[in-house]
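# Take this sequence and fold it.
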Amino acid sequence: MLALLSLLQTPRDWPGHVLAARLEVSPRTVRRDVDRLRELGYRIGAIKGPDGGYRLAAGSELPPLLFDDDQAVAIAVALQSVASSGIDIEEAASRALATVRQVMPSRLRHRVDGIRFTRTESTTRVDPAVLEAVSAAVRERRMLRFDYGSSADRPARRTEPHAVVAREGRWYLIAWDLEVDDWRTFRLDRMQPRIPTGPTFTPRELPAKDAATYLAARSKGSVSEDRWPCVGQVILELPAREVAPFLGDGTLEELGEESCRITVGSWSWVGVVASVARFDAPFEVVGPEELREATGVLAGRFAAAVDDSSS
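Below you'll find the predicted structure:
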């Protein structure tokens, strides 16, 4: 019944035979369990038609601590991972996990207690009140004013907030900045929203397929695509197994026991060369020509640095 209820909470229509297949029971068992859930007060509507089906009515009040095994594991992992999220709610998460644990059956409590792992804490902390205020402005499409950074002399930024994105332990607001008339990203840990929010606005079209892609693209010096503006290829005289752990988002092709072909990107062609040079091994430039030229430029700089130090 818990598994059935979990499926019904998904906002969609569930044909009876599909529910039976997902739960590995007979359609008769599904009908019986639906009737039992109705007796417990759940508003489950029946869908007429050749296939028939069920849907949990909107606004149904569900018991807050009714979890199946998979949900219990998900809750334990999520609450223990809060420290790495960057949101300053570790204490609340710890108390929530303790509360949930107390009302679980011993079988589930044993599974939850067995989930222990080491996590890295985010170096930044976002006030949950800031996350709530910014998220509300995004949801309601209301102009958002906020102080940004440590300087109190600067005027408040005026923005049309588009989306909140979490990336690598930091939280960002993607917004149209009304002062510069362009898209900008702002870190939530540096923001202090001003209340009340402004009037509603008509959302603009983001220059990328979604907010996550836009943020990833900006971090690579692009605007609309999650890709580096400069991508080159070299043959590196190192075993692939020694390169793979440190290649980041580059790609790797093993050529032999002692060499491999790597494709790496950066903001500039000199940056591509520098990312290859950090492996501290001989390499051969495959291309493109811009990468060959950048290799010569960087070689000249290194040679000049050595000459200056010797003189």
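
# what's next to stretch 1-14, contact-wise?
The contact list for stretch 1-14, computed with C-beta atoms under 8 Å, 6 or more residues apart in numbering, reads 19, 22-23, 30, 33-34, 36-37, 42, 44, 47, 53-56, 62, 66-68, 71. Placement of C-beta: from N, CA and C, glycine included.

# So which of those residues are in strands?
Cross-referencing those against strands under DSSP state E gives Ile44, Ile47, Gly53, Tyr54, Arg55, Leu56.

# thought the fifth one was touching Arg43?
No. Under the criterion of C-beta atoms under 8 Å, Arg55 makes no contact with Arg43, lying 9.6 Å away.

# the more surrounded of the two?
Neighbours per residue (other C-beta atoms under 10 Å) separate Arg55 from Arg43, with Arg55 holding more: 16 against 13.

# hey, where'd the strands end up in this protein?
Assigned by DSSP E, the chain shows strands spanning 44-47, 53-56, 144-148, 157-167, 170-177, 182-187, 191-193, 230-236, 251-256, 259-266, 283-287.

# Just give me the neighbour total for Ser219.
Residues near Ser219, counting by other C-beta under 10 Å, number 14.

# contacting residues around it?
Per C-beta under 8 Å, 6+ apart, neighbours of Ser219: Arg167.

# quick thing: my sequence starts at 23, can you match it?
Got it, first residue is 23 now, which makes that one Ser241.

# any idea how far Asp211 is from it?
17 Å (C-beta to C-beta, to the nearest Å).

# Ok, Thr140 next?
For Thr140, the distance to Asp211 equals 23 Å [C-beta to C-beta].

# before we move on, back to that, let me know which of the strands of the chain is the nearest to His132.
Proximity to His132, assessed across those by C-beta to C-beta, is greatest for strand 75-78 (29.9 Å).

# quick one on the thing from earlier: now the contacts of stretch 23-36: which count as buried?
Burial by neighbour count, judged by 16 or more other C-beta atoms under 10 Å, picks out Leu41, Val52, Asp55, Val56, Leu59, Tyr64, Ile66, Gly75, Tyr76, Arg77, Leu78, Phe89 from these.

# Tell me which two of those residues sit farthest apart.
Maximum pairwise distance in these, criterion C-beta to C-beta, is 24.6 Å, between Gly75 and Phe89.

# do you know how far Val134 is from Ala115?
14 Å.

# what about those two, which has more around it?
Neighbour totals were compared for Val134 and Ala115, and Val134 leads with 20 against 17 (other C-beta under 10 Å).

# got a pLDDT number for the nearest residue to that one once chain neighbours are set aside?
Excluding the flanking residues, the one nearest Val134 by C-beta to C-beta, 6 or more residues apart in numbering is Ala98, at 4.3 Å. Looking at Ala98, its pLDDT is 82.

# my guess is Ala98 contacts Ser116, does it?
No. Using C-beta under 8 Å, Ala98 makes no contact with Ser116, being 11.8 Å away.

# more neighbours, the two?
Neighbour comparison, Ala98 and Ser116: the larger count goes to Ala98, with 22 against 14 (by other C-beta under 10 Å).

# could I get the buried ones among the contacts of stretch 23-36 as CSV with pLDDT?
Below are these laid out as CSV (pLDDT from 0 to 100):
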residue, pLDDT
Leu41, 88
Val52, 89
Asp55, 89
Val56, 88
Leu59, 84
Tyr64, 80
Ile66, 85
Gly75, 82
Tyr76, 86
Arg77, 83
Leu78, 80
Phe89, 68
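
# which of those residues lies closest to Ser281?
Here the nearest of the buried ones among the contacts of stretch 23-36 to Ser281, counting by C-beta to C-beta, is Phe89; it sits at 52.1 Å.

# mind listing what's buried in stretch 129-145?
Those would be Leu130, Arg131, Val134, Ser144, for stretch 129-145 by 16+ other C-beta under 10 Å.
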